[in-house]
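Colleague: The amino acid sequence is not available; the structure is as follows:
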């Protein structure tokens, strides 16, 4: 009896492994958007660029699901901590998540005050060795949750605007091609029966 039970469990193991593999998603972002990896966490951090083209954003191919699911990521400011940046400053960073090329799944913002000497929670091993990139860092963290539909789905994170306020002066940056945010900690989970998902902003 025990032998039969073990045989049944062994037979089911490949199916379980295949299902686990099917829940994996692909990051299809251009390699030049990889900002770096966390020194402690080894997590990958990607730059978000202002663009109207989803394929130029941080692009993901999600696995096929019968009921849909949820995709989460962490959103960070992308700040150049240089003397001429003009700190302290109030910063608002806006990104959009799109699917199907033009369908918006929501616009998400992270905002807060940036002070001289502020540091991110971990050091980033950067992919670029350019002099200017030595001063670039993610700052702050906001977790974004996206509801996904049944079937296969591709989504992209694209930049929309960066608004910086210093005293009485406010500057809005929405020039295509500008890198304004960093994203990390990507996760995908298939919906369970009876689970209600929502978009958190």
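Modeller: Yep, that arrived. Quick caveat, the model's predicted, so the values are computed rather than measured.
Colleague: Could I get the full set of strands for the chain?
Modeller: 26-27, 34-38, 44-49, 58-62, 69-80, 89-99, 103-114, 124-126, 136-148, 153-166, 169-173, 179-190 (DSSP state E).
Colleague: Of these, which stretch is the most buried?
Modeller: strand 44-49 (a mean of 24; mean count of other C-beta atoms under 10 Å). Using the backbone N, CA and C atoms, a C-beta is placed for each residue, glycine as well.
Colleague: tell me the angle of that one relative to strand 89-99?
Modeller: 90 degrees (axes from the mean of the first three to the mean of the last three C-alpha atoms, to 10 degrees).
Colleague: Pull the residues that contact strand 44-49.
Modeller: 27, 29, 33-38, 56-58, 76, 78, 95, 124, 138, 157-159, 177-184 (C-beta atoms under 8 Å, 6 or more residues apart in numbering).
Colleague: could you point out where this protein is predicted with low confidence?
Modeller: 1-23, 193-201 (pLDDT under 70).
Colleague: got the contact list for the closest residue to residue 105 other than its chain neighbours?
Modeller: Nearest non-adjacent residue to residue 105, counting by C-beta to C-beta, 6 or more residues apart in numbering: residue 97, 4.3 Å away. By C-beta under 8 Å, 6+ apart, the residues touching residue 97 are 104, 105, 106, 108, 144, 146, 155, 156, 157, 158.
Colleague: how close does the third one get to residue 149?
Modeller: Just to be clear, that refers to residue 106. 14 Å (C-beta to C-beta, to the nearest Å).
Colleague: Fine by me, we can end here.
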